[in-house]
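Asks: 3D model of this:
(3 chains)
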Amino acid sequence: MTTAEKTEEIRNPIEEFMRMDRIPHIWCSGCGIGTVVTSFVEAVKKSNIDLDKLAIVSGIGCTGRVAGYIKLDSFHTTHGRAIPFATGLKLANPELKVVVFSGDGDISGIGGNHLIHAARRNIDMVVVCVNNFNYAMTGGQVAATTPQGANVSTAPYGNFEYSFNLPYLTEAAGATYIARWTSLHMRRVTKSILEAFQKKGFSFIEVIAPCVTLYARRNRLGQGLDLLKYYYDKSDIQHDADTRDLDIGFQEKIVVGKFVDKEKQTFLERMNEHLSDKLGDKYQYYGKETK
Amino acid sequence: MDGDYAIAEGALAAGCRFFGGYPITPSTETAERFSERIPEVGGVFIQMEDELAAMASLIGAVWGGKKAMSVTSGPGFSLMMENLGLAAMMETPLVLANVQRGGPSTGLPTLTGQQDMMQARWGSHGDYEIIALSPDSPQECFDLTIEAFNLSETYRVPTLIMTDECVGHMHEKVVIPPAEEIELVERKWYNGPKEKYMPYAPDSDGIPFMVKAGDGYRFHTTGLTHDERGYPVINAEQQDICVRHMVEKINNNAEKIIRMDEEGTDDPDVVVLSYGITARIAVKAVQGARKKGIKVKNIRLITIWPFPEKRIKELAHKAKAFVVPEINYGQIVLEVERCVSGMAKVIGVPHCGGGVHNPDHILNVIKEAAK
Amino acid sequence: MTEIRFSGFGGQGIIRCGLITGKALSLFDKKHATMTQSFGPEARGSACSSQLVVSDERVLYPYITKPGILIAMSQEAYDKYESDLQKDGILIIDEDLVEPKPPRDNIKLYSVQSTRLAEELGNRIIGNLVMLGFFTAVTAVVSPEAMKKALPGLVPERFLDLNIKGFDKGYEVGLQTIGKKTTKTKRKQEITK
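Replies: Numbers count the residues shown, from 1 in each chain, chains lettered A, B, ... in the order given. Below you'll find the predicted structure:
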């Protein structure tokens, strides 16, 4: 058997979920986004969700490209606006399961306002936020998530700003499911996404992932494998941890786990219940209940 | 009923079932009306966290299968420009009304202006075309909102209603015809084989078919320059195809889209051209000018964009001068100047906003122009 | 063409006066009416006015230029708008709230205790309706039937009867003021003279 024949036989196990006509993807070798995509697809496979009813929305950035590679109804929108786009999509067609897949800069930087308001309203959607600690697509600039002391291209003397603790932020805003993992925790990520699929309400899953080309190189942290080693050594699973304690210091401990998992009526459930209550028979009940 | 309410009623009559907005004077009454009426007809009103989100939510809602609209004014219009560009790029039909107020910046929140006419055309970055209509009364706010939905669905293009505070807050009688008498254009739904669907493959009329999320097409769409499949293609050749398509689908149909009221002699000395509330004021000035024996043609633009270039060029051969009153420092007058191209005088009658023209002021300019 | 200005302070129902009269004229009296409004940024308390242009033909210029009728329900509004009134115009004031200057030119002054009468009827919030009734009687630009038909939808349903009561009271006082206890047709003839 020649090598060529051999490669032909090996098919990627998630191929049927991907737009193979768009592969190769743009991500660097050692980047963590691809692994998160794999975890996502595994969750989709296990979930029995009707794939025709699953839509994915991304913003702009490295992770923003995810929507373009996954073979679902998929939307590659504007920078920061994936969540409000997804809000419109979900409310217009409530039978959809809507996933927002985007990066930390997109979701918590330029889109931070939308993040807290979607969580506040408890819009039924799953947000997967890949956090690589910097704006990678544009060349590694400082982000709302860059740990203090890390060196990035627009903080060339090291970052002195305080950074967001995203689980704490989203919990305060009202999210009903919150987990954080690293891209090393592939099965855990899959499990969290699966759990989030099965819930109604606003779910937020942060996945710390290596940016080898920019963040790691600039901070002399080594290759992808070295970063996975860091995650392995320094991540600490603490389910139900107090989200106030989840700040991430430069190369310091990363507390991971499922922090919030509670029930609360979604925006549409609230809307239907409240308006039926106020308007009685005049109210036209909106949408079908989704599971 | 005031103009703002009439916009909401027009939208509901057109089948709009999603409104994503953000309150801003003097457009808020439209959102209020919508929030009050929508529960009875089955739809969603959501007040978003800002206008960036409002506009994004509309595009999402349209791809979710609804007809969607929003309403705003100056500062909010600026914020909405970001995703107006996305709507143009994704060829998403939706309607946005701008109840204009004096600017720049916070400007005159409660007073009128027509200062966003060029922003309507050029406000988002890059080359694209939109459609913009300008109502002159609450009745037309109702009628043109329905027309805006019809045009936006026909051409898969965001369509703007460029009204102003005066019309928005003006109360007049509005006749709402029975639903069966209102002509509606429904979305150009695709119903071919699922695997063959391409969101940007132009049909014979140049306009691609649409689908909605959740129907099994597994389509992709992006704000990046894309091919017919909606896949990003980042090169000059595809950019040429993509931009040309967006621009030409409107320009090639301009004659079908454009509506204007023309009144008076076909052999004029002076053409008075205006739109929106200013057109009502201009009628008074035109009446005055005719009493003085000046041959005047009065034109009221109903469609602002695309611009009625052809008709103005024709008239430029006949008339001595064009007089263009508008409640801004001179915007549409530039477009008239471009079309007239030196064949006649073009005189603007600027008004910086906060009120409407004094008809006598316009009359004086007409007299001057006729000399 | 008639130009009318209702004025007072925010919270008195001044805009409502314009809306009701405009609706009555355009829907039930078969006239063309255009209403515009002006108010300060505050929701309550500041000077507030609504303007109505009434015509047999389509109204082009939507704002009033030289009103023939001014209704002033506050001193501030009176001070601000009195000078705009036409030489032979009609001025109507709430006499408890406005201290008028000696009348100029041929202006006809009518005064009514609209707020006090409303209080007597049980609620000062219908002061604007008493004023509207009075205005309808003394000016006859609009018919009382049309005015009452215009009320549903523009006043809260549960206060509809009270509003009608207020309007009727004002109308009655208005007729007395112009010395007419006669039938409607006769009254109209008087006014046209």
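Asks: what residues sit buried inside the top helix by length along chain B?
Replies: Of all the segments assigned as helix in chain B under DSSP state H, the longest by residue count is helix B:138-155. For helix B:138-155, a neighbour-count test (16 or more other CB atoms under 10 Å in any protein chain shown) marks B:138-155 as buried. Using the backbone N, CA and C atoms, a C-beta is placed for each residue, glycine as well.
Asks: same check, this time on stretch A:254-262
Replies: Neighbour counts using 16+ other CB under 10 Å place A:254-261 of stretch A:254-262 among the buried residues.
Asks: same thing with stretch A:272-280?
Replies: Residues of stretch A:272-280 classed as buried under the neighbour-count rule (16+ other CB under 10 Å) are A:272, A:275-276.
Asks: can you tell me which of these is nearest chain B?
Replies: Within the buried residues of stretch A:272-280, the smallest distance to chain B is 4.7 Å, found for A:L275 (CB to the nearest CB).
Asks: the closest one and B:P23, how far apart?
Replies: Between A:L275 and B:P23 the computed distance is 20 Å (CB to CB, to the nearest Å).
Asks: could you chop chain B up by domain?
Replies: Annotated domains of chain B cover B:1-257, B:261-370 [automatic domain parsing].
Asks: of all those domains, which lies closest to C:R16?
Replies: Using CB to CB as the measure, domain B:1-257 is the one of the domains of chain B that comes nearest C:R16, at 11.2 Å.
Asks: re earlier: show me what the longest helix of chain B is packed up against.
Replies: Using 3 or more CB pairs under 8 Å, 6 or more residues apart in numbering or on different chains; DSSP states H and E as the contact criterion, the elements in contact with helix B:138-155 are helix B:3-13, strand B:67-72, strand B:94-102, strand B:131-133, strand B:158-164, helix B:165-169.
Asks: so what angle separates the directions of that helix and helix B:3-13?
Replies: For helix B:138-155 and helix B:3-13, the angle between their directions (axes from the mean of the first three to the mean of the last three CA atoms, to 10 degrees) works out to 40 degrees.
Asks: now helix B:138-155: mean pLDDT?
Replies: The predicted model gives helix B:138-155 an average pLDDT of 98.
Asks: so how far is that helix off the chain centroid?
Replies: In terms of CA atoms, centre = their mean, to the nearest Å, the centre of helix B:138-155 is set 9 Å apart from its chain centre.
Asks: ok, stretch B:157-173 next?
Replies: Here the centre of stretch B:157-173 is set off from its chain's centre by 10 Å, with CA atoms, centre = their mean.
Asks: repeat for stretch A:102-120
Replies: 11 Å.
Asks: restricting to C-alpha, output that stretch in PDB.
Replies: Once non-C-alpha atoms are left out, stretch A:102-120 reads as follows in PDB (Å, rounded to 0.1, in the frame of the first residue of the first chain):
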ATOM      1  CA  SER A 102     -16.800  33.300  18.600                       C
ATOM      2  CA  GLY A 103     -13.700  34.600  20.300                       C
ATOM      3  CA  ASP A 104     -13.000  36.600  23.500                       C
ATOM      4  CA  GLY A 105     -12.400  39.800  21.700                       C
ATOM      5  CA  ASP A 106     -15.600  39.500  19.700                       C
ATOM      6  CA  ILE A 107     -17.800  38.400  22.600                       C
ATOM      7  CA  SER A 108     -16.400  40.200  25.600                       C
ATOM      8  CA  GLY A 109     -14.600  43.100  24.000                       C
ATOM      9  CA  ILE A 110     -16.500  44.800  21.200                       C
ATOM     10  CA  GLY A 111     -19.600  42.700  21.900                       C
ATOM     11  CA  GLY A 112     -19.500  42.900  25.700                       C
ATOM     12  CA  ASN A 113     -22.600  44.900  25.900                       C
ATOM     13  CA  HIS A 114     -24.600  42.300  23.900                       C
ATOM     14  CA  LEU A 115     -23.200  39.500  26.000                       C
ATOM     15  CA  ILE A 116     -24.500  40.900  29.300                       C
ATOM     16  CA  HIS A 117     -27.900  41.900  27.800                       C
ATOM     17  CA  ALA A 118     -28.500  38.500  26.100                       C
ATOM     18  CA  ALA A 119     -27.600  36.900  29.500                       C
ATOM     19  CA  ARG A 120     -29.900  39.300  31.300                       C
END
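Asks: do it and chain B meet at all?
Replies: Yes - judged by CB under 8 Å from any CB of the partner chain, stretch A:102-120 comes into contact with chain B through A:113-114, A:117.
Asks: remind me which residues of chain C are low pLDDT?
Replies: Counting by pLDDT under 70, chain C shows low-confidence ranges at C:39-45, C:180-193.
Asks: one more time with 80
Replies: Residues of chain C that meet the criterion pLDDT under 80 lie in C:38-47, C:180-193.
Asks: likewise the stretch 1-150 of chain A?
Replies: Under the criterion pLDDT under 80, the flagged ranges of the stretch 1-150 of chain A are A:1-10.
Asks: count the residues that sit near the residue of chain C found nearest chain A.
Replies: Closest contact between chain C and chain A, by CB to the nearest CB, is at C:E157 (14.5 Å). Other residues within reach of C:E157, judged by other CB atoms under 10 Å in any protein chain shown, total 9.
Asks: B:T221 and B:G230 touch, don't they?
Replies: Yes - taking contact to mean CB atoms under 8 Å, the distance of 4.5 Å between B:T221 and B:G230 places them in contact.
Asks: all strands for chain C, in order.
Replies: C:2-9, C:32-39, C:47-55, C:69-72, C:90-94, C:108-112 (DSSP state E).
Asks: with chain B instead?
Replies: Along chain B, counting by DSSP E, strands occupy B:16-21, B:44-47, B:67-72, B:94-102, B:108-112, B:131-133, B:158-164, B:220-222, B:260-264, B:270-275, B:296-301, B:303-305, B:321-326, B:345-350.
Asks: list the contacts for A:F267?
Replies: Each residue near A:F267 by CB atoms under 8 Å, 6 or more residues apart in numbering or on different chains is listed here: A:91, A:121-124, B:46.
Asks: 7 Å instead, please
Replies: A:121-123 (CB atoms under 7 Å, 6 or more residues apart in numbering or on different chains).
Asks: and the stretch 101-250 of chain B, which of its residues are near chain A?
Replies: Proximity of the stretch 101-250 of chain B to chain A is confined to B:212-224, B:231-232 under the rule CB under 7 Å from any CB of the partner chain.
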